[in-house]
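Q: my questions are about this predicted structure, shown below with the sequence.
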Protein chains: 6
Amino acid sequence: MRIRVINPNTTESMTALIAASARAVAGPGTVVEAVTPAMGPASIESHYDEALAVPGILQAIASAPEADGFVLACFGDPGLDAARELAVGPVVGIAEAAMHAATLVGRGFSVVTTLSRTRGRAHDLAGRYVGAGACRGVHACDIPVLDLERDPGVLDRVVEVARAALDRDDSDVIVLGCAGMADLCARASAELGVPVIDGVAAATVLVQSLVALGVRTSKRGEYAPPPAKPYTGPLTGFGITSG
Amino acid sequence: MRIRVINPNTTESMTALIAASARAVAGPGTVVEAVTPAMGPASIESHYDEALAVPGILQAIASAPEADGFVLACFGDPGLDAARELAVGPVVGIAEAAMHAATLVGRGFSVVTTLSRTRGRAHDLAGRYVGAGACRGVHACDIPVLDLERDPGVLDRVVEVARAALDRDDSDVIVLGCAGMADLCARASAELGVPVIDGVAAATVLVQSLVALGVRTSKRGEYAPPPAKPYTGPLTGFGITSG
Amino acid sequence: MRIRVINPNTTESMTALIAASARAVAGPGTVVEAVTPAMGPASIESHYDEALAVPGILQAIASAPEADGFVLACFGDPGLDAARELAVGPVVGIAEAAMHAATLVGRGFSVVTTLSRTRGRAHDLAGRYVGAGACRGVHACDIPVLDLERDPGVLDRVVEVARAALDRDDSDVIVLGCAGMADLCARASAELGVPVIDGVAAATVLVQSLVALGVRTSKRGEYAPPPAKPYTGPLTGFGITSG
Amino acid sequence: MRIRVINPNTTESMTALIAASARAVAGPGTVVEAVTPAMGPASIESHYDEALAVPGILQAIASAPEADGFVLACFGDPGLDAARELAVGPVVGIAEAAMHAATLVGRGFSVVTTLSRTRGRAHDLAGRYVGAGACRGVHACDIPVLDLERDPGVLDRVVEVARAALDRDDSDVIVLGCAGMADLCARASAELGVPVIDGVAAATVLVQSLVALGVRTSKRGEYAPPPAKPYTGPLTGFGITSG
Amino acid sequence: MRIRVINPNTTESMTALIAASARAVAGPGTVVEAVTPAMGPASIESHYDEALAVPGILQAIASAPEADGFVLACFGDPGLDAARELAVGPVVGIAEAAMHAATLVGRGFSVVTTLSRTRGRAHDLAGRYVGAGACRGVHACDIPVLDLERDPGVLDRVVEVARAALDRDDSDVIVLGCAGMADLCARASAELGVPVIDGVAAATVLVQSLVALGVRTSKRGEYAPPPAKPYTGPLTGFGITSG
Amino acid sequence: MRIRVINPNTTESMTALIAASARAVAGPGTVVEAVTPAMGPASIESHYDEALAVPGILQAIASAPEADGFVLACFGDPGLDAARELAVGPVVGIAEAAMHAATLVGRGFSVVTTLSRTRGRAHDLAGRYVGAGACRGVHACDIPVLDLERDPGVLDRVVEVARAALDRDDSDVIVLGCAGMADLCARASAELGVPVIDGVAAATVLVQSLVALGVRTSKRGEYAPPPAKPYTGPLTGFGITSG
C-alpha cells in the first residue's frame, strides 16, 4: 500500500524528518511517500499560516490519485475536511491520530506544543476529536517550529514542560504538538516514564489500519466530491470540471 | 467609519447584492465598501471551496489597512481566525453575527441554508458561537448558491423549508444560511411571522457597533499579528516580513 | 429611535452614570431614556436583590409601549425572559451584550465583577449565552456596588484584578461585570492593552443594531405575551387583562 | 420536624391539593405546613408570572424562621437561589426533586407539563440539575394550570401525552411538570406501567431526608445571607437591616 | 420497610460501620439490614477491585427478594446498572446519593476521597449524575481504605484536605468519597462550617424516600430483568432461567 | 507480535467468528490468539451479563503476560478500565476502536446493535470516546446475540436498519454494534455504499498500531497495577499479592 505523508509547510528538512518518523513505524508492505507542497509558508505558527498552507495540501492530494491514504503532518490538521472531500482513501491528521491514540493508553493527556499562540487550536481540535475531559491541558515550549531541528536544548525543554504538565494536569500521557518534534518521542518517553505520542507515527499506522480494514472516506453527504465550478486568479488551477 | 464587506466568492453580482444589504442597514456616517477577491471560487458550497476562498479574503484584508472593520460575507465564516490575526479593527463573520442576533430575540433558532452538505459546518459554528440548545436545527433548500439570484421560486422554497423547521425544531427565529439570501429577509419574515436574520446586515451593524464602542481585535495572545516568514510558489506574496 | 435603558436598582446616581455611558455610544438618531424603577433594592448584590429587582424592571417596560427597545443595565440580566414576553421591541441584558461582544474581538474573556458571591451568576449566564470555553474565568474585586462611584481606588483595583485574570485565565479580553463600572472602560483598556467591554455601552449599540435590522422579539412560542390573569396583594397592578 | 410547603401561586384550592400530596408521603414526625403567598399571580404560566411569584415566596420564607425546611411547589422552581440565601434550612424545588428522583429509578425521563410555552424552562432546569441525556423530552398537554382541577379529562390527556413521550423519547420514567398534577401520580403510573414522579411529594421527602441528615443550606459563599440594604416602593418591606 | 445496605467489600468491620451510619438516619419504621458479600475484595481501591466486587453485590441483591430497596455502599457505585436490572425496588449508590444531596444545599461541591487513583471514577460519576459545574474538584487524602478505621489522624487529614479543596475549588459543600469515612461526617462539618455529606446516610434516606413515594425501578427498557441464559464455571450460579 | 483477542462470552462458535475477523486484517507478523473465558455468560445482552463477563476477561488477561496487546471483543467494552490496570501492553475495546475509526472516515456515524436494551450503553461509550455530535444515533435490530450466526435473515435486517439510520440520523458511516456481526461488514458496506466498521477488525489493527508505535498502557496514576489485597469466596484466586 502507498501512503502519502504531506508536510504542510515548505521546509524540505522537515519533510525529511517526517518521512523518517513515518517510515520507522510503517509495515513491510507500506510505501511512505513524503511530499513538500509547491506553495505556502515555511512553517505553521498562526491561523494565517495554517489557512495558507491548505492550497498546497489540497494540490498534494489531487496530484496523487493512486495513493491509498494520506497523512496531514501538521498538528493543526489544516484543511482536514476539504482534504476528505477530495480524497478517495482515508485522510488522517496528526493531531487527531495522536489524540485518539492517547485515549487508548491513558485516562487523560497533556499536549506539549511549540508557541503559546497555537494552544487555542489544539483545544479546539480536542473538543472535536475526543470525549470531554480527555485533553487535560495544552502547554507551550515557546520554541519556534524551525528551531526545533537546530536547537540542541529542545529535548530538555520538551521534557521539562511535559513533566510539569503531567503534574499540573493530573495526566498520564503526553502528546507532542508539532510534527517537528517527531524524533523526540522515544527519548522523551524514556525520561518521563509515560507514553509519549508523536502524531506523524500515529497517523501513519492509523491510515495503514484503515486501508487494511478496506475502509475509505465516506462519500455520502458532507465528504462527497466538491461540486464543479470555475476558480479565478492564481488559484484558477483549483477549479473543478464536472464529470 | 469605513467597513469593508468581503464577498468571499468571486461572483460580482453577488458582491453587489451583499453591498446593497449592508448599505441598507448601515448608519449615516458609515461607508460600506464591498469587495470581490482577486482569486478563489465562483461560489462556496464545500469545505474545499471554503478553504480556497481564504487566500482571497486575507488579501482583501491586508490591502485595506485604512478600514475600521471587516465583514466576512459567507455563512461558513471562512478564515475568521486568520483574518483576526491580520486585521487591527474588528472582523465579524455573517454566521456568527446572525447567530448572536438570533439569540437576542428568541429562545432557539433554525438555520435555512442552500445545499445539504453545508449543514455540518453550520452546526460546528453554532457549537462555537452560542450556548448549547440555541441552534435547534439546520435545514437545506437544496438550491445551489448561484441559482439563488436566478431562480424565481427561491423565496417560496425558503419560506416552505423555514416553516417546516419552526415546527420540527420548536424554534422561534429563522437564520438565513447564505449571503445570497440577503434580499429575502424582509419578505420571509412577513410571511413567517417570526424574526428572520440575514447575516450580512447583522454583521454590518455589529461591526459598526464595535467600532462605535472603540473596541478592536485583541492583540494579546492568539490574535497577535502572524510571525514573519517566507512563503513559496503562487502564494509568495503572502509572506510576512518582520517589522 | 428611542431606547429605554433601565437601571434595575433604585439608586439615581447610578442611573445617571448608566445614562452617560449609553449616550456616549448611541448614534445620532437615537434617544436614550434612562429610568430608575419605582420599587426595589438600592443595589443588586445577591440572588435576593436580583429577584426583587424584577417587578420594578417589568413595570419600567410595561409603562413604555412607545420605546423601540430596552437595555437591562445590571450584569445579572435580571428578569430577561419575563421582559421579553412583555416587550414588543428587543430587550438586551448587559451581561449578554458584553459577552457576545467579547467573543467578536478575542478568543476568551475574563469577567471582573464586584463581590465574590455574584460570580456564580456570571458563570451561569456565560453557559447560556456563549460557546463552551469562551468565558475563561470570573473574578471579584470585592468592592460593594455603591462604593464603585465613591472609592477613588476602584480603577486601580479593577486593573489589578483584570491583569491577574488575563494571566491566570489565558484570556485576551476583559468584560466588566457591573453597570457601575461603565466609566472605567476606556482607562482600563488603555492600561491593560486589551479590549475592555462595558455591557451598558455594548447593550445600547446592540439594541440599536437590532432596531436598525427591523428585528423584534419573536412572539412565536415562549416569548408570546403572558396569559391574562389576576394578581394579588401589593402586586395586584401586575395583573394582565385579556385583549 | 416542620416543613413549609409554599404554593407559589395565590390560588387556595391549589394550596390544598399540594398540602394533601405532601402530607400523604411525609413521615410520622413531620408537620407539613402549606402556605399561599400574600401577593402574586393566580397561576404560573409564563416567565412573567414566575418572576412575579418570587416576592411572595420570599416573604413566605422570611416569615417562618422556625421551619426546618422548605418546598417550592411550582415546577419552574421560581426564586430557588434567592430562597436559599434567605433560608437556614434546606430549600428544594419540585422540578429538581422530581428530576433527581427520576434518575434514581430509570435511565431517562420525559416531562409532561401544562402549556407549551413552559417547556423551555423545564429544559433549562434539567440542564442545571441532572447529567446530560437524563431528560429526554418535555411535552405539553396544553391544559391551563387552573383547569387541571376542573377538567375531568385531565388524567386521560396526561396519560396520552406521557405514553407518546415514552415512545418518542425512548424514556422509562415520567415526571409530572406541574404541582397541579400531584393527584394524578398513582393513577397515571398504574396506567402507564412506569414510575411517575410528582415533584411535590418528591420534594417533601427530600427535604425530610436532608433534615434527617442534619444538613442545612451552605452559608459559605453564594448562599450566605443577602447583604443589608434599603428597598423602595411597595417592596420596602423586603429591605434587610444589618445584624 | 426493609432496606438492604450492601457493603461491596468483604471486610466485616466496615459493614458494621456502614450499618451504624445507615441506622443513625433511618426512620422509625425502617429496618436496615447490612450485608457483607460472600465473595470479592477486602477493599475497593482500583477499577479491578470495583469490577470484581460486582458479583458479590449482585448475589446480595438476588438473595433478598423481600427487601424494599438497596444501598450500594461503595463510592464507585459498582454494578449500579446491573443491580437495577435485578432489583424490583429502588437501588441507590452512595456516590449518586451524596452528589444529588450536595447540589440541594450548595452551588458546587468538592469530593474528598481516599487514594489518588480513584479520583477519575468520581469525576466520571459526577458527569453522569449532576449538571455541569456542580462537581468542582476531587481530592485524595492518600489513606488506604482499610486504614480509615485504624489511623487516629484520619479526621485531621480529611479536614485539612477538605479545607484546601473549598478554597481551591471555590466550593461550598464537601462530599466524603468513601463509605469508610461515614463516621467523620458530623465532626468534619463542625470543623469546616459547611455541609459535609456522607453517602451511606444520604443513600439510606433517599431509598427510604423512594419507597415512601411508592416508586420502584422502571422495568420498561434498559432496566427490564436480564434475559435468561446459562453461565459457566465458578459463575454458573448466576445463570438465569426463564420464567 | 502476539495479540490476544478475548471473546467476553463463553460461546465457542462466537470465539471462532471473532478470531476469523481479527486474522483477516492482522499484518503478516501478527499472531492472533482468540480465547474464550473460563467463566461467565453465554452471551452479553444486559448490564448484568456485562458485569459478570468481567472476571473471565480479567483472568484471560492475567494468564497471558506474554501477549503484546489485548482486544476486548464485546461492544460494551466490559471491564476496560480494570483490564488496563492489569495489562502492560495496550487494551482496546471494540466499541472504542469502531467509534474512533468511524470518525476518521465520516462526519457522523450510526450504530446498529442487537437488542434495544443495549442502546443506552452504546450512547454512554460514545460520550466517553468521541467528540460531541459524532455518534448520531444507536438503533436495534432486535435480534438476540446468539441468533446472529443462526438466522439467515440477519444481513438483510442489519442493512434495513442501517439504511433507515443513515437517513434518520443524517449520518455517513455505520458502526456494527456487536462482535457477532463481524462477518457482515463487507457485504453490508457493499449494499449501503458507505463505510461499515466492524469493531473486532478495527480493534485488532489499532492494537497492532499501538504495539508498532512502542506505546503501552500508562502506569502513571489511574492505570497503575491494582494494590495487593486478599479476595474471598469463589473469587479468591483474583487476590493480588504484593511484589
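A: Sure thing, it's come through.
Q: use CA for all of it now, contacts and neighbours both
A: Will do.
Q: tell me which parts of chain A are close to chain B?
A: Residues of chain A lying close to chain B (Cα under 8 Å from any Cα of the partner chain) are A:10, A:38-43, A:45-49, A:51-52, A:54-55, A:79, A:81-83, A:85-86, A:116-118, A:120, A:221-223, A:226-227, A:229-236, A:239.
Q: of those, list those near chain F.
A: For chain F, the contacts drawn from these by Cα under 8 Å from any Cα are A:221-223.
Q: pLDDT, neighbour count and distance to chain E for those - can I get that in JSON lines?
A: Converted to JSON lines, those look like this (pLDDT from 0 to 100; neighbours: other Cα atoms under 10 Å in any protein chain shown; distance: Cα to the nearest Cα, whole Å):
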{"residue": "A:Gly221", "pLDDT": "92", "neighbour count": "18", "distance to chain E": "33"}
{"residue": "A:Glu222", "pLDDT": "96", "neighbour count": "27", "distance to chain E": "31"}
{"residue": "A:Tyr223", "pLDDT": "98", "neighbour count": "25", "distance to chain E": "33"}
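Q: skip the chain neighbours and tell me the closest residue to the most centrally placed residue in chain A.
A: What sits nearest the mean C-alpha location of chain A, by Cα atoms, centre = their mean, is A:Ile94, with 2.5 Å. Counting by Cα to Cα, 6 or more residues apart in numbering or on different chains, A:Ile94 lies nearest to A:Gly199, which is 4.2 Å off, once chain neighbours are set aside.
Q: kindly state the pLDDT recorded for A:Glu149?
A: Per-residue confidence (pLDDT) for A:Glu149: 84.
Q: SS state for it?
A: Reduced to three states with DSSP: H, G, I helix; E, B strand; the rest coil, the structure at A:Glu149 is coil.
Q: can you check A:Ala82 too?
A: From three-state DSSP, the assignment for A:Ala82 is helix.
Q: same question for A:Leu104.
A: Once three-state DSSP is applied, A:Leu104 turns out helix.
Q: where along chain A do the strands fall?
A: For chain A, the strands defined by DSSP state E cover A:2-6, A:31-35, A:40-41, A:69-72, A:91-93, A:109-113, A:135-140, A:173-176, A:196-198, A:231-232.
Q: now these in a markdown table, with mean neighbour count and mean pLDDT?
A: Formatted as a markdown table, the strands of chain A follow (neighbours: other Cα atoms under 10 Å in any protein chain shown; pLDDT from 0 to 100):
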| stretch | mean neighbour count | mean pLDDT |
| --- | --- | --- |
| strand A:2-6 | 24 | 98 |
| strand A:31-35 | 19 | 98 |
| strand A:40-41 | 30 | 98 |
| strand A:69-72 | 29 | 98 |
| strand A:91-93 | 29 | 98 |
| strand A:109-113 | 28 | 98 |
| strand A:135-140 | 22 | 97 |
| strand A:173-176 | 30 | 98 |
| strand A:196-198 | 31 | 98 |
| strand A:231-232 | 20 | 96 |
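Q: looking at those strands, which is nearest to chain D?
A: For the strands of chain A, proximity to chain D was assessed by Cα to the nearest Cα; strand A:135-140 is nearest, at 19.4 Å.
Q: could you name the helices and strands sitting against that closest one?
A: Applying 3 or more Cα pairs under 8 Å, 6 or more residues apart in numbering or on different chains; DSSP states H and E, one finds that strand A:135-140 makes contact with strand A:109-113, helix A:119-129, helix A:154-169.
Q: what's the closest of those to A:Pro90?
A: Using Cα to Cα as the measure, helix A:119-129 is the one of the helices and strands packed on strand A:135-140 that comes nearest A:Pro90, at 16.0 Å.
Q: residues in contact with A:Arg220?
A: Counting by Cα atoms under 8 Å, 6 or more residues apart in numbering or on different chains, A:Arg220 makes contact with F:172, F:193-194.
Q: buried stuff in stretch A:206-214?
A: A:206-213 (16 or more other Cα atoms under 10 Å in any protein chain shown).
Q: show me what residue of chain A gets nearest to chain C.
A: For chain A, Cα to the nearest Cα, closest residue to chain C: A:Gly120, 8.0 Å.
Q: can you count the residues close to that residue?
A: 17 (other Cα atoms under 10 Å in any protein chain shown).
Q: please report how far A:Met15 lies from A:Asp147.
A: Just so we're on the same page, residue A:15 is Thr rather than Met. A:Thr15 sits 15 Å away from A:Asp147, going by Cα to Cα, to the nearest Å.
Q: sketch out the low-pLDDT regions of chain A for me.
A: Counting by pLDDT under 70, the low-confidence segments of chain A come to A:243.
Q: neighbours of the residue of chain A found nearest chain D, how many?
A: Chain D sits closest to A:Ala132 of chain A, with a gap of 12.0 Å, by Cα to the nearest Cα. By the measure other Cα under 10 Å, the count of residues near A:Ala132 is 18.
Q: over to A:Pro152?
A: A:Pro152: 10 neighbours (other Cα under 10 Å).
Q: phi, psi of it?
A: Here is the backbone geometry of A:Pro152 (degrees, to the nearest 10): phi -70, psi -20.
Q: and A:Thr11, by the same measure?
A: The phi/psi pair for A:Thr11 (degrees, to the nearest 10) is phi -90, psi 110.
Q: list the contacts for the closest residue to it other than its chain neighbours?
A: Excluding the flanking residues, the one nearest A:Thr11 by Cα to Cα, 6+ apart is A:Ala42, at 5.4 Å. A:Ala42 is in contact with A:9-11, B:229-232, counting by Cα under 8 Å, 6+ apart.
Q: try it again at 7 Å.
A: The contact partners of A:Ala42, by Cα atoms under 7 Å, 6 or more residues apart in numbering or on different chains, come to A:9-11, B:229-231.
Q: of those - the most surrounded one?
A: Compared across the contacts of A:Ala42, A:Asn9 has the highest neighbour count, 29 neighbours, by other Cα under 10 Å.
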